[in-house]
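[1] coordinates for the following, if possible.
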Amino acid sequence: MNALGHMRQEPELLPDAIEAAAAVGPRVVCAAFVGDSQTRGVVRAACERQFPRHLVRDGGTREALEYLAENEPPRVLVVDVTDSQNPLNAMLPIVAAFSDETRVVAIGGVNDINLYREMVEVGVSEYLVKPIDEKTLLGAFSRLHDKPATRAPEPVAGRRSLIAVMGARGGVGTSTVALNAAWLIAEEQKRRVTLLDLDLQCGTLALALDIEPTRGLREALEHPNRIDALFISSASVKLGERLTVMAAEEAVDQDIHYDPPALDRLIHALHEQSDCIVVDLPRSAAGARTRILAAATAVVIVTDLTLPALRDSIRLLTLTRQLAPEARIVVLANRTEGRQNNVPRKEFERALGHPIDRILLEDGKAAAAAANSGKPLAAASPKSRTVASLRAVTRTLLPIERKTGPMRLLWWRRAS
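    I've put the predicted structure just below:
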């Protein structure tokens, strides 16, 4: 038993149904991509015992993704994640690419229970830590039929919009952007909006609005069968005629675990009563990030112009393009004034491979007044120069429906 708490048992054969399916047709039953020769030898030996048709190659996450792009997904995919500095981020595009029938076994070098949980949350069936032996891998294979595969959902169809707001670093103003975007869409564009804070422990939206957080959001995610219109109404706070807020403030000494598919159910339920959902998406919620980005119609990445923020903006932008290729992507630069360690804008944009759509103008006095009043900045100081920047951006986030004869055309406003 290692630090992840895996109890190693005698390997069992995969169910007869999988064995039968494996015996017919040219489909590769198990494909494995492993970087070091010792582990590759173990994987090859286990595959020879378990699968009648298998493929074992030198490689890692990049090679696995290339294989999935060109071939039918196997029933079992083994991926060595030690080629990546961030194994979880490296696995996300793979999870988004495999089929519903595929089970994934990740092999890494980091023995961390939190990483294990995050891997499972995003859809990985097993995470094993090197060094592994043949018995351990066969045991993992035998457990796969007890773990149904999960993957990111398809984007929500129809006219409903979902705007995901993510920060490249902490303290760049992500929650400020999410809050004011939601308020402006509700009040100025006259849409029914739900503002969802997915940081259940340290989120700041309830605090910024001076509203009482409830346990309703956690209940919805941990017990999705309870989700209906009445439950959502009791678990949220109404601000004005069109804006609804769902936010929590759970104890920081507890682990919060929920199945990411519960988020799918919540989002679909919110779409029933909202024209637009704005999600304040924390950087730490890997499982939630995958589901939300896959359903997003627009993604806002908030960053400052520092070197660490550039690195993380590149990673978030890459992930967004992989999971939400049709989404409108907006990059906002904030907290940039008077910073001596800023990367010049042109260099930042060149490295990022995406323009900075707008730099938010700072207004310290207006921000302080809004914080003291418990109102969005756009409500407390509507003529603030920061609000002017946010208003221009917000107008680009919802698609505009234009009718041209029998066809409907959806297009995006460009920020001026």
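[2] distance of residue 27 relative to residue 309?
    In this structure, residue 27 and residue 309 are 44 Å apart, going by Cβ to Cβ, to the nearest Å. Where C-beta positions appear, they are placed from N, C-alpha and C, glycine not excepted.
[3] these two: which is more packed in?
    Relative neighbour count places residue 309 above the other of residue 27 and residue 309, with 23 against 13, counting by other Cβ atoms under 10 Å.
[4] and stretch 346-363, end to end?
    Looking at stretch 346-363, the gap from its leading to its trailing residue is 24 Å under the measure Cα to Cα, to the nearest Å.
[5] what are the contacting residues of it?
    With contact meaning Cβ atoms under 8 Å, 6 or more residues apart in numbering, stretch 346-363 is reached by 173, 177, 305, 310, 313-314, 317, 329-337, 343, 345, 381, 384-390, 392-393, 396, 415.
[6] try it again with 7 Å
    Identification of contacts with stretch 346-363 by Cβ atoms under 7 Å, 6 or more residues apart in numbering yields 305, 310, 313-314, 317, 329-334, 336-337, 345, 384-386, 389-390, 392-393, 415.
[7] among the residues you listed, name the ones in helices.
    When the contacts of stretch 346-363 are checked against helices using DSSP state H, the ones located there are 310, 313, 314, 317, 345, 385, 386, 389, 390, 392, 393.
[8] contacting residues around the second one?
    In other words, residue 313. Contacts here follow Cβ under 7 Å, 6+ apart; on that basis residue 313 touches 168, 301, 303, 331, 352.
[9] now residue 41: which helix or strand?
    Under the assignment given by DSSP states H and E, the secondary-structure element containing residue 41 is helix 37-50.
[10] in terms of helices and strands, where is the most centrally placed residue in the chain?
    Note on the chain: the residue nearest the mean C-alpha position is residue 289, at 1.4 Å, using Cα atoms, centre = their mean. When elements are assigned from DSSP H and E, residue 289 belongs to helix 286-295.
[11] what strands line up against the very next helix or strand once past that helix, and which way round?
    Scanning forward in sequence from helix 286-295, with DSSP H and E defining helices and strands, the next element found is strand 298-303. Using DSSP bridges, the neighbouring strands of strand 298-303 in the sheet come out as strand 161-167 (parallel), strand 328-333 (parallel).
[12] which one of the ones you listed is the most hemmed in?
    Highest mean neighbour count of these: strand 161-167, a mean of 27 (counted as mean count of other Cβ atoms under 10 Å).
[13] what lies in contact with that one?
    Applying Cβ under 7 Å, 6+ apart, the set of residues contacting strand 161-167 from outside is 156, 174, 177-178, 181, 267, 275-281, 283, 292-293, 295-302, 316, 397-398.
[14] select only the buried ones of these in ChimeraX?
    Here the buried members of those are turned into a ChimeraX selection, burial being counted by 16 or more other Cβ atoms under 10 Å:
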select :156,174,177,178,181,267,275,276,277,278,279,280,281,292,293,295,296,297,298,299,300,301,302,316,397,398
